[in-house]
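**Q** sequence first, predicted coordinates after that:
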Amino acid sequence: MAEANKYDLSGQGGIQVWTNLPDGVKITLLNGAHGEVIANPHDGGFILVKFDEFPTDPSRVGTQEYVFFNEVRSAQD
Amino acid sequence: MVDIIRARGDYSIAEYIDGEKGTVSRELYVNPDIFEQEMEQIFQRCWLFLGHESQLPNPGDFIVSRMGTEEVIVVRDRNDNKIRAFLNSCRHRGMKVCRYDEGNALVFTCPFHAWTYDTTGSLVGAGFYNHPDAYTDTLPRENWGLSEVAQFKNFYGSLWATWDPKAPSFEDYLGPFAESLRHCLQSSDGDDNGLEFFTPFQRHRLPTNWKVPGFTSVTDLTHTAMTHRSSQAAGLHQDRGQGKEKPTIPFPQEKYAIGDHSLGHGGMCTFYNQAGVPQYTNEWFEPGVDDYFREATERKAQKYVDRVMAPHGWGGGHFAIFPAVMVDSWRLRWYHPHETGMTERWTLSGVDKNAPKEVKDAVRHYSERFNGPIGFFESDDMENWNYVYPASQGARARKLDYFFRNGIGHGKYDDRLPGVIVNGSYTEEAQRARFSRWLAFMEAKSWDDLYPINKSSARRIW
């Protein structure tokens, strides 16, 4: 049985997981971009992420941007 | 010039003040049209006090302050450490972006549609911004940040702002009172920006017009004998509790009520007539506190050995910055208009930032005893302010005038504060000065019509 992802963003519980997401967690966006959480204001809205992969726009690698919860596919350590 | 059509028919705003008789119509305090005009003509233009930098020590720290009837977020940026102030209203649909009094924030997220602003006020995100069925190219984020104040000033730790880009510099706005304000922000041993202020600070609402406390109490010695009679009889008026000693070494000084009719500032004023500082006298009952302040006074005396202290208030007295900020050497009090008959008063009580804990505790306890809704002194004042408005707004009452004649015509100019009239310490000179400036603002189309930019427009109405 696959180990449950402790950062499961799906369902009603996902709201709380997103709100409490700690710094350093890895984020994968729906558009395939990948980054790391830099800062989380813990209000359930946007989180500051630094991108290390951005297939649809490589110029954004290395940038920090605020990501909204509904743009995210998954989060993991 | 605005015509107010109410109660007495078609009157211009100037006709509500009678310079010959020394009276002011009660309409100025109870007329909602005049109140709305004040919000535009005065509170949109003047430099307004926001708070003190000690309330925002760290990057990301914020407080929510007020300018007139509006809230502003005052925030220290996370990156460049600068303090800025923004209207607390989302640019999307106007929702309050921040509903906390103070805190530390990475961003400010509007709870309505998640429009999110960073600590420079820039719009950094909006919910569904990147969704293909939403904004697409219709939201240029760089144009939709929070509305920032036009000018901002950190004056020796005190924070001020104005919405008006044409307002003069803050120093020009203060005029000869700049040094007085600077002095009141010094520590007991004479260091600039030497204070910190206790938080959370006192705030309370008064069912009265903002000018009742904001103008009337700018200096008002004649009220103390009656209004504060009970606290005086109980000995509570001996400030810290021990009773004031008399200094054995007199220090030459003069005390007046002063008013700058061109700038609107004024209040209680002590002129010090020689370099140095007055002798310290014991006044605290907490052990060790007098020793601290005596030593601080001695250090200050060294700094002022060849320097005369700037004029400022004395004891519990104060001077005031137009429109509604009262400055003592140990507290800052200011009034926010809410409605014609509702005002909110904030008090920041200060102490030397480098004082030991026992001194800070003693000063804080004293501030709590003296000030605010549970303070013995100010609860006396509130009893007056709470009843002035309801007793003035009736159909008969509002046709009457207020008396502001105390000392009229007996003041004189004094070179120690250029442009300022000095008068007996029990007169109402400072209050008349505020009305002079009030009228100038209410009639002016812009700062171009107002001194100090346009000195020819400086006027005396009394």
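**A** Now that the structure is in, tell me what you want to look at.
**Q** low pLDDT regions in chain B?
**A** For chain B, the stretches flagged by pLDDT under 70 are B:1-11, B:235-244, B:314-317, B:453-460.
**Q** could you rerun that using 80?
**A** By pLDDT under 80, the low-scoring segments of chain B are B:1-11, B:217-218, B:231-247, B:313-317, B:329, B:372-374, B:451-461.
**Q** write out the residues of it neighbouring chain A.
**A** With CB under 8 Å from any CB of the partner chain as the criterion, chain B meets chain A at residues B:105-107, B:109, B:114, B:116, B:124-125, B:127-131. All C-beta spots, glycine's among them, are computed from the backbone N, C-alpha and C.
**Q** who touches residue B:135 in this structure?
**A** B:126, B:128-129 (CB atoms under 8 Å, 6 or more residues apart in numbering or on different chains).
**Q** now rank those residues by neighbours and give me the top one.
**A** Ranked by neighbour count (other CB atoms under 10 Å in any protein chain shown), the contacts of residue B:135 have residue B:126 at the top, with 24 neighbours.
**Q** would you confirm that that one contacts residue B:115?
**A** Yes: using CB atoms under 8 Å, residue B:126 is in contact with residue B:115, at 4.8 Å.
**Q** now do the helices in the stretch 101-250 of chain B.
**A** Using DSSP state H, counting those that start in this stretch, the helices of the stretch 101-250 of chain B run over residues B:170-174, B:178-184, B:211-216, B:224-227, B:229-233.
**Q** can you list those helices in a markdown table and add distance to residue B:370 and mean neighbour count?
**A** Output for these, formatted as a markdown table (distance: least, CB to CB, whole Å; neighbours: other CB atoms under 10 Å in any protein chain shown):
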| stretch | distance to residue B:370 | mean neighbour count |
| --- | --- | --- |
| helix B:170-174 | 27 | 18 |
| helix B:178-184 | 17 | 19 |
| helix B:211-216 | 16 | 25 |
| helix B:224-227 | 14 | 14 |
| helix B:229-233 | 9 | 14 |
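**Q** residues shared between the contacts of residue B:126 and residue B:115?
**A** Listed as contacting both residue B:126 and residue B:115 by CB under 8 Å, 6+ apart are residue B:92.
**Q** for the residue nearest to residue B:222 when sequence neighbours are not counted, what are its contacts?
**A** Distances taken as CB to CB, 6 or more residues apart in numbering or on different chains put residue B:426 closest to residue B:222, at 5.4 Å, once the chain neighbours are dropped. Neighbouring residues of residue B:426 by CB under 8 Å, 6+ apart: B:221-222, B:257, B:406-407.
**Q** got the CA positions of the helix or strand that contains residue B:348 in CSV?
**A** Secondary structure assignment for residue B:348, by DSSP states H and E: strand B:342-352. Extracted in CSV, the C-alpha atoms of strand B:342-352 (Å, rounded to 0.1, in the frame of the first residue of the first chain):
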residue,chain,number,x,y,z
MET,B,342,-18.5,60.3,17.2
THR,B,343,-14.8,60.5,17.7
GLU,B,344,-12.1,58.0,18.6
ARG,B,345,-9.2,58.9,20.8
TRP,B,346,-5.9,57.1,20.7
THR,B,347,-3.1,57.6,23.3
LEU,B,348,0.5,56.5,22.9
SER,B,349,2.3,56.7,26.2
GLY,B,350,6.0,56.8,26.0
VAL,B,351,9.1,55.9,28.0
ASP,B,352,12.8,56.0,27.5
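**Q** show the subsequent helix or strand relative to that strand.
**A** That would be, after strand B:342-352 and using DSSP H and E, helix B:357-370.
**Q** okay, the angle between that next one and strand B:342-352?
**A** With axes from the mean of the first three to the mean of the last three CA atoms, to 10 degrees applied, the angle from helix B:357-370 to strand B:342-352 works out at 160 degrees.
**Q** which other helices and strands contact helix B:357-370?
**A** Here helix B:357-370 touches helix B:289-303, strand B:342-352, going by 3 or more CB pairs under 8 Å, 6 or more residues apart in numbering or on different chains; DSSP states H and E.
**Q** and those as a markdown table, adding distance to residue B:155 and mean neighbour count?
**A** Compiled in a markdown table, the helices and strands packed on helix B:357-370 are given as follows (distance: least, CB to CB, whole Å; neighbours: other CB under 10 Å):
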| stretch | distance to residue B:155 | mean neighbour count |
| --- | --- | --- |
| helix B:289-303 | 20 | 17 |
| strand B:342-352 | 14 | 21 |
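**Q** buried ones in stretch B:393-407, by neighbour count?
**A** For stretch B:393-407, the neighbour count (16 or more other CB atoms under 10 Å in any protein chain shown) marks B:393, B:398, B:401-402, B:404, B:406-407 as buried.
**Q** likewise stretch A:58-76?
**A** Buried, per 16+ other CB under 10 Å, within stretch A:58-76: A:65-69, A:71-72, A:75.
**Q** narrow the residues you listed to those in strands?
**A** Mapping the buried residues of stretch A:58-76 onto strands (DSSP state E) picks out A:65-68, A:72, A:75.
**Q** in chain A, which spans are strands?
**A** A:26-29, A:34-39, A:46-53, A:64-68, A:72-76.
**Q** state the distance from the residue nearest to residue B:222 to residue B:175.
**A** The gap separating residue B:426 from residue B:175 is 25 Å, by CB to CB, to the nearest Å.
**Q** quick check, residue B:277 in contact with residue B:304.
**A** Yes: counting by CB under 8 Å, residue B:277 does reach residue B:304; the two are 5.3 Å apart.
**Q** give me the more crowded residue out of these two.
**A** residue B:277 (22 against 16).
**Q** ok, now which ones touch the more buried one?
**A** Residues in contact with residue B:277 (CB under 8 Å, 6+ apart) are B:190, B:251, B:297, B:300-301, B:304, B:309.
**Q** and with 10 Å instead?
**A** By CB atoms under 10 Å, 6 or more residues apart in numbering or on different chains, the contact list for residue B:277 reads B:188-190, B:251, B:297-305, B:307-309.
**Q** show me where pLDDT drops low in chain A?
**A** A:1-5.
**Q** so which residues on chain A come close to chain B?
**A** Within reach of chain B by CB under 10 Å from any CB of the partner chain, chain A has these residues: A:29-31, A:38-48, A:65-71.
**Q** the same query, at a cut-off of 8 Å, please.
**A** Contact residues (CB under 8 Å from any CB) of chain A with chain B: A:39-41, A:43, A:45-46, A:48, A:65-68, A:70-71.
**Q** which two among those residues are spaced furthest apart?
**A** Farthest apart among the residues of chain A next to chain B by CB to CB are A:39 and A:70. That separation is 19.1 Å.
**Q** what's the domain layout of chain B?
**A** B:1-46+B:176-462, B:48-153 (automatic domain parsing).
**Q** how about the strands of chain A, which one is nearest residue B:208?
**A** Of all these, strand A:46-53 sits nearest to residue B:208, with 42.6 Å by CB to CB.
**Q** ok, the closest one: who's next to it in the sheet?
**A** strand A:34-39 (antiparallel), strand A:64-68 (antiparallel) (DSSP bridges).
**Q** of all the ones you listed, which one is nearest residue B:77?
**A** For residue B:77, the closest of these is strand A:34-39, at 14.0 Å, according to CB to CB.
**Q** contacts for that closest one, please.
**A** A:21-29, A:47-54, A:64, A:67, A:75, B:106.
**Q** off-centre distance for it?
**A** Centroid separation between strand A:34-39 and its chain, computed with CA atoms, centre = their mean, to the nearest Å, is 6 Å.
**Q** can you give me the buried ones in it?
**A** Judged by neighbour count (16+ other CB under 10 Å), strand A:34-39 contains these buried residues: A:34-35, A:37, A:39.
**Q** between those, which sits nearest chain B?
**A** residue A:39 (5.1 Å; CB to the nearest CB).
**Q** how near is the closest one to residue A:46?
**A** Per CB to CB, residue A:39 is found 10 Å from residue A:46.
**Q** now do residue B:262
**A** 49 Å.
**Q** neighbour count: those two, which is higher?
**A** Applying other CB under 10 Å to residue B:262 and residue A:46 shows that residue A:46 carries more neighbours, namely 27 against 21.
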